[in-house]
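Peer 1: I would like to see how this sequence folds:
(one chain, ligands or ions: 1)
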Amino acid sequence: MFAKDGKIKDVKTPRICDVVWHDGEFIKWTDARVHVMSHVLHYGSSIFEGIRCYNTKQGPAIFRLREHIQRLLNSAKIYRMDHPWTLEQLCDASIELVKRSGMDQCYIRPILFRSLDEEHPAFGVNPFPNPLACYIGAWDWGKYLGDEAIEQGVDVQVSTWNRLTPNSMPAMAKSGANYMNSQLIKMEALLNGFAEGIALDDRGYVSEGSGENIFLVTGDIVLTPPLSSSILPGITRDSVIQICQELGITVKERTIQRAALYVADELFFSGTAAEVTPIRSVDRIPVGAGGRGPITAKIQKAFFEITKGERPAPGNWLTYVNSGKAASADNNGFSTAALEADTAVITVK
Ligand SMILES: Cc1ncc(COP(=O)(O)O)c(C=O)c1O
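Peer 2: The predicted structure is shown next:
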């Protein structure tokens, strides 16, 4: 029934941090547990973030920490999660976790969810009676779409599953429940022998991958779907947009037809996990010359130099863990794509 390969593939995880931050305290990894009757397990009531911390010459540096925590707070607000945490507190907790982990690079996972009050249990869909719990874990994570993907690119398919509609599940919130849609897209792609699937929105326009935003290069112009195509406002996407602007590459938000994927000169994914990964074929049709294109390579190079602290970023993007303070937002802010008037804007103060 299932292709074995697709089921067993996973991202390399060489190390896991043995402590987890929980509601203001550090606890052992083995103590970070929830009750099986927790609201989140039954009704998907979680919101989370994924943040990379890079190994630089000045020690571990967290990429766009404030922007990620701001998106977490935005997701919490959308889902009416009335928690006590501030941006500063969650940034500080993430920094302290990386310090305690002793890892020079890692992936940081803050999660806020509806749990269970065992003394006053509540089992209905109504989330309000259930207490909130906030945790942050970290692990060392390899290349999300495979080691070779960064240079060679990945083979993808257009998914038969559509992305969420704006008035059903808001793609703008990074909620755990949204990832049931992502799982359908991902499983279908893997079982069909592809590395990833690209979902269309409910109108049939290109939306995003199961865990990545998408960019299309045509001539010397870079295009990406707007927020109105039911995408997550990706922080890597925003970084790519700003990098393009610095490199003098024209970048525009446009609704993109499926067929445009087949005739694009270059395509690539962006995401915290996937970083900047070229796409070399879609539905077995080669993209351009069937490998990483020159504009993708240029953007990718700048991105990796910035994350390694070897090239100045367009903003204050790196939080050096040893300096102990989250990089201040004296940058361009995190605009979730302010290129077009029809898109929402989120800024980090
Ligand atoms: C569905 C989806 N889209 C886009 C992205 C890329 O967002 P970011 O660059 O903020 O990681 C992710 C990853 O978080 C994702 O899960």
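Peer 1: what separates the residue sitting furthest away from the middle of the chain from Pro131, distance-wise?
Peer 2: Most distant from the centre of the chain: Glu119, at 35.8 Å, with distances by Cα atoms, centre = their mean. For Glu119, the distance to Pro131 (Cβ to Cβ, to the nearest Å) stands at 10 Å. Any C-beta I mention is one placed from the backbone N, CA and C, and that applies to glycine too.
Peer 1: again, but for Ile243
Peer 2: The gap separating Ile243 from Pro131 is 41 Å, by Cβ to Cβ.
Peer 1: Neighbour count: the two, which is higher?
Peer 2: Ile243 (24 against 16; other Cβ atoms under 10 Å).
Peer 1: Not counting sequence-adjacent ones, nearest residue to that one?
Peer 2: Among residues not flanking Ile243 along the chain, Ala302 sits closest, at 5.0 Å (Cβ to Cβ, 6 or more residues apart in numbering).
Peer 1: repeat for Ala189
Peer 2: Nearest to Ala189 is Gly197, by Cβ to Cβ, 6+ apart, at 3.6 Å.
Peer 1: mean confidence score for the strand or helix carrying the one you found?
Peer 2: Counting by DSSP states H and E, the element that carries Gly197 is strand 196-200. Mean pLDDT, computed over strand 196-200, is 98.
Peer 1: One more: stretch 44-62?
Peer 2: 97.
Peer 1: Could you see whether the ligand lies near that stretch?
Peer 2: Yes - shown here: stretch 44-62 in contact with the ligand (Cβ under 6 Å from any ligand atom) through Gly50.
Peer 1: Test my guess that Asp201 contacts Ser168.
Peer 2: No - in this structure, Asp201 is not within contact of Ser168 by Cβ atoms under 8 Å, at 11.6 Å.
Peer 1: Of those two, which one has the most company?
Peer 2: Set Asp201 next to Ser168 and count neighbours by other Cβ under 10 Å: Asp201 wins out with 21 against 10.
Peer 1: Thr255 contacts Pro226, doesn't it?
Peer 2: Yes - the criterion here is Cβ under 8 Å, and Thr255 meets it with Pro226 at 6.8 Å.
Peer 1: out of these two, which sits in the busier spot?
Peer 2: More neighbours surround Pro226 than the other of Thr255 and Pro226, with 21 against 18 (other Cβ under 10 Å).
Peer 1: low-confidence ranges in the stretch 201-349 of the chain?
Peer 2: Along the stretch 201-349 of the chain, the model assigns pLDDT under 70 to residues 329-349.
Peer 1: What residues does it have near the ligand?
Peer 2: Taking Cβ under 6 Å from any ligand atom as the contact definition, the stretch 201-349 of the chain meets the ligand at 208, 211-213, 232, 234-237, 270-272.
Peer 1: out of these, who has the most neighbours?
Peer 2: Highest neighbour count within these: Glu212, with 30 neighbours (other Cβ under 10 Å).
Peer 1: contacting residues for it?
Peer 2: Neighbour list for Glu212: 196, 234, 269-271, 273-274, 277 [criterion: Cβ atoms under 8 Å, 6 or more residues apart in numbering].
Peer 1: That one and Trp317: what is the separation?
Peer 2: Distance check for Glu212 against Trp317: by Cβ to Cβ, it reads 19 Å.
Peer 1: And Glu266, by the same measure?
Peer 2: Taken as Cβ to Cβ, the span from Glu266 to Trp317 is 24 Å.
Peer 1: Now do the helices in the stretch 201-349 of the chain.
Peer 2: With helices called from DSSP state H, counting those that start in this stretch, the stretch 201-349 of the chain shows them at 235-247, 258-263, 294-307.
Peer 1: Just the CA trace of the second one, in CSV.
Peer 2: The C-alpha trace of helix 258-263 is given here as CSV (Å, rounded to 0.1, in the frame of the first residue of the first chain):
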residue,chain,number,x,y,z
ARG,A,258,0.4,26.2,-12.2
ALA,A,259,1.6,26.1,-15.8
ALA,A,260,4.0,29.0,-15.0
LEU,A,261,5.9,26.5,-12.9
TYR,A,262,6.6,24.3,-15.9
VAL,A,263,7.9,27.1,-18.0
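Peer 1: What helices and strands are in contact with it?
Peer 2: strand 206-209, strand 213-218 (3 or more Cβ pairs under 8 Å, 6 or more residues apart in numbering; DSSP states H and E).
Peer 1: Need the winner for burial among those.
Peer 2: Compared across those, strand 206-209 shows the largest average neighbour count, a mean of 27 (mean count of other Cβ atoms under 10 Å).
Peer 1: Can you tell me what sits against that strand?
Peer 2: Outside strand 206-209, the residues that touch it by Cβ under 8 Å, 6+ apart are 156, 162-163, 171, 185, 196-201, 214, 216, 225, 229-232, 234, 255-258, 260-261, 269, 271, 274.
Peer 1: what pairs with that strand, and is each one parallel or antiparallel?
Peer 2: strand 196-200 (antiparallel) (DSSP bridges).
Peer 1: In CSV, could you pull the C-alpha coordinates for the partner strand?
Peer 2: Listed next in CSV are the C-alpha coordinates belonging to strand 196-200 (Å, rounded to 0.1, in the frame of the first residue of the first chain):
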residue,chain,number,x,y,z
GLU,A,196,8.0,17.7,-1.8
GLY,A,197,4.6,18.8,-3.1
ILE,A,198,3.5,22.2,-4.2
ALA,A,199,-0.1,23.0,-3.2
LEU,A,200,-2.4,25.3,-5.2
